[in-house]
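Chemist: Build me a model:
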Amino acid sequence: MSIQDFSELVGKIAQRLDGKSLDLAMEADLNAHFLASGAEFLALKALCAKGEAEGWLVAREMGGIRFGRPIKPGGVAGRFSVDVVRMKDIKGPHHIHTTGEIGAIMAIEGAPRFDGKGEGWYVYGPGSDHHPTVTGGDAYILYLLPEGAIEFTGR
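Modeler: Numbers count the residues shown, from 1 in each chain. Next up is the predicted model:
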C-alpha cells in the first residue's frame, strides 16, 4: 500500500461523483456503494493510517488537528482536491464550503462522531458551513472539495 494506491482508490471514488449534485442522494449513493464495512472503505482507512505512519499524509499540525492535502484539483481526482485530517475530541476552525464538501469519517479509536455522524460518508452542499467537530474518539476525516474551494472565516 502506498500513496499511489491511495491516489487510485480516491480517483475511483471521485469518478463516481463526477457530474453529480452534492446532496443527500449523493450521500446515500456513497454509503451504499462504498460501505463503511466494505473492502474499499477499509482499504481507504488502512491507507490513511499507512500514510500517516510514513509521513506523506496528515504531516502538518495546528491546534491539535493533523492535516494535509495529498491531492490537488485537476489530478487523479478530477476537479476535486483531497484533504485528510486527524481529529480527536476537538472542534475545528469555522469554514464555508463554497462549492460543497464530500467526506468519509473513519474511526481510529473509540466511537467518534463527526458533526454528530458516525463512520461512513457525508455530503454538505454548496454554501454550507460549520465548525468541524469530532466527539467520542479519534478519527480520520477524508474530504473532497470541488475545485479545492474552502473559505476559513476566523469565526
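Chemist: Glu109 versus Gly136, what's the distance?
Modeler: For Gly136, the distance to Glu109 under the criterion Cβ to Cβ, to the nearest Å works out to 10 Å. From N, CA and C alone the C-beta is placed, and that goes for glycine too.
Chemist: who's more crowded, the two?
Modeler: For Gly136 versus Glu109, neighbours defined as other Cβ atoms under 10 Å are more numerous around Gly136 (15 against 10).
Chemist: could you list every residue that touches Asp138?
Modeler: Contacts here follow Cβ atoms under 8 Å, 6 or more residues apart in numbering; on that basis Asp138 touches Arg86, Met87, Lys88, Asp89, Ala107, Ile108, Glu109, Gly110, Pro112.
Chemist: Next, count neighbours for Tyr122.
Modeler: When neighbours are counted by other Cβ under 10 Å, Tyr122 comes out with 21.
Chemist: Thought Asp115 was touching it, still the case?
Modeler: Yes - under the contact definition of Cβ atoms under 8 Å, Tyr122 touches Asp115, with a separation of 7.3 Å.
Chemist: Could you list the alpha-carbon positions for stretch 108-118 in PDB?
Modeler: The C-alpha trace of stretch 108-118 is given here as PDB (Å, rounded to 0.1, in the frame of the first residue of the first chain):
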ATOM      1  CA  ILE A 108      -9.300   5.200  14.600                       C
ATOM      2  CA  GLU A 109     -10.200   4.800  18.300                       C
ATOM      3  CA  GLY A 110     -13.400   4.900  20.400                       C
ATOM      4  CA  ALA A 111     -16.700   5.700  18.700                       C
ATOM      5  CA  PRO A 112     -16.000   9.100  17.100                       C
ATOM      6  CA  ARG A 113     -18.800  11.200  15.700                       C
ATOM      7  CA  PHE A 114     -18.100  13.900  13.200                       C
ATOM      8  CA  ASP A 115     -20.700  16.700  13.400                       C
ATOM      9  CA  GLY A 116     -22.900  14.100  15.100                       C
ATOM     10  CA  LYS A 117     -22.400  11.500  12.300                       C
ATOM     11  CA  GLY A 118     -20.800   8.100  12.800                       C
END
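Chemist: Was I right to think Lys117 contacts Ala104?
Modeler: No - in this structure, Lys117 is not within contact of Ala104 by Cβ under 8 Å, at 10.7 Å.
Chemist: Mutual contacts of these two, please.
Modeler: Counting by Cβ under 8 Å, 6+ apart, Lys117 and Ala104 have no common neighbour.
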